[in-house]
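*Asks:* only the shape, not the letters, is given here:
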C-alpha cells in the first residue's frame with residue numbers, strides 16, 4: 001500500500017511539473033516554431049491584445065471573443081514574441097483558465113519576453129456541446 005501511495009504522489013508531482021512548464025518561454029530554432037493546432041480558428045474567435053508592464057515586467061493583456069454559438073473549453077493561446085522582421089524569437093503556450101461561452105469573451109494576461117512586436121493566436125481548444133475541437 002505504501003509503494004502505491006508513493007507512486008501516486010510521484011505521478012501527481014511529475015504531471016503538475018509538466019503542466020506548469022507550458023507557461024514557460026520556448027526559444028524556437030528557425031523552422032521549428034510552434035504553430036496553432038486550431039487551423040481556421042479566426043472564423044470563430046477574435047483576439048485583441050496590447051503590450052503593457054506589470055511590476056516592471058513586460059506583459060501582454062488582451063481579450064478573446066467568441067463569435068460562435070457553442071462554448072470553447074480547454075482554451076490555449078500561442079504567444080509569439082517577434083523581432084523587427086517578424087521572426088519568432090520567443091514563444092509560450094498559455095491556458096486561458098476558463099471556458100468561453102457562446103458569443104462571450106475572456107480576458108488574459110501573461111508575462112512576455114520584451115520584443116518589438118507580438119502575435120497571439122488560438123493554439124488549441126475543444127467545443128463543449130458540439131463535439132470536436134482542436
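*Replies:* Thanks, I have it. Just so we're clear, the structure is a prediction, and the values are computed from it rather than from any experiment.
*Asks:* this structure: strands as residue ranges?
*Replies:* 45-54, 57-66, 71-82, 88-95, 105-111, 117-128 (DSSP state E).
*Asks:* packing partners for the fourth one?
*Replies:* So the one you mean is strand 88-95. If contacts are counted by 3 or more C-beta pairs under 8 Å, 6 or more residues apart in numbering; DSSP states H and E, strand 88-95 sits against strand 71-82, strand 105-111. C-betas here are computed from N, CA, C, even on glycine.
*Asks:* pLDDT weak spots in the protein?
*Replies:* 1-30, 130-134 (pLDDT under 70).
*Asks:* closest one to residue 55 among the helices and strands packed on strand 88-95?
*Replies:* strand 105-111 (9.4 Å; C-beta to C-beta).
*Asks:* re earlier: looking at the strands of the chain, spot the one closest to residue 31.
*Replies:* Of all the strands of the chain, strand 88-95 comes closest under C-beta to C-beta, at 10.2 Å.
*Asks:* quick one: that closest one to chain centroid distance?
*Replies:* In this view, strand 88-95 has its centroid 8 Å away from the chain centroid, taken as C-alpha atoms, centre = their mean, to the nearest Å.
*Asks:* and what of stretch 59-70?
*Replies:* 12 Å.
*Asks:* which other residues reach it?
*Replies:* For stretch 59-70, the surrounding residues in contact (C-beta atoms under 8 Å, 6 or more residues apart in numbering) are 43-53, 72, 75, 77, 79, 96, 100-112, 118, 120, 122, 127-130.
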